[in-house]
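Visitor: Here's a sequence, model it:
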Amino acid sequence: MSAAFKPWLFTLALFIGQAQAYSMQGVGIFDGDILIVDRHE
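Guide: A predicted model of the protein is given here:
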């Protein structure tokens with residue numbers, strides 16, 4: 001069965017947050033940016 005038929009696999013590994021400060025500015029992530037992180041491999 002394909003992962004496309006198991007949407008819960010993706011929702012359990014998905015996180016949303018907001019960047020604070022400027023430590024990641026060198027890679028294009030700025031203060032206030034919305035971050036979406038998918039831990040699914």
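
Visitor: how deep is residue 19 tucked in, by neighbour count?
Guide: 15 (other CB atoms under 10 Å). From N, CA and C alone the C-beta is placed, and that goes for glycine too.

Visitor: quick one, what contacts it?
Guide: Residues near residue 19 by CB atoms under 8 Å, 6 or more residues apart in numbering: 29, 30, 31, 32, 33, 34, 35.

Visitor: Mark which of those residues are buried, thanks.
Guide: Not one of these meets the buried threshold, by 16 or more other CB atoms under 10 Å.

Visitor: ranges for the strands of the chain?
Guide: With DSSP state E as the criterion, the chain has strands at 14-18, 34-38.

Visitor: Which among the ones you listed is found nearest to residue 25?
Guide: Closest to residue 25 of those is strand 34-38 (CB to CB; 13.6 Å).

Visitor: Identify the neighbouring strands of the closest one in the sheet and state each direction.
Guide: Here strand 34-38 is paired, per DSSP bridges, with strand 14-18 (antiparallel).

Visitor: which residues make contact with the strand it pairs with from outside it?
Guide: With CB under 8 Å, 6+ apart as the criterion, strand 14-18 contacts 32, 33, 34, 35, 36, 37, 38, 39, 40.

Visitor: and these as TSV, adding distance to residue 15?
Guide: Formatted as TSV, those follow (distance: CB to CB, whole Å):
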residue	distance to residue 15
32	17
33	14
34	11
35	8
36	7
37	5
38	8
39	7
40	11
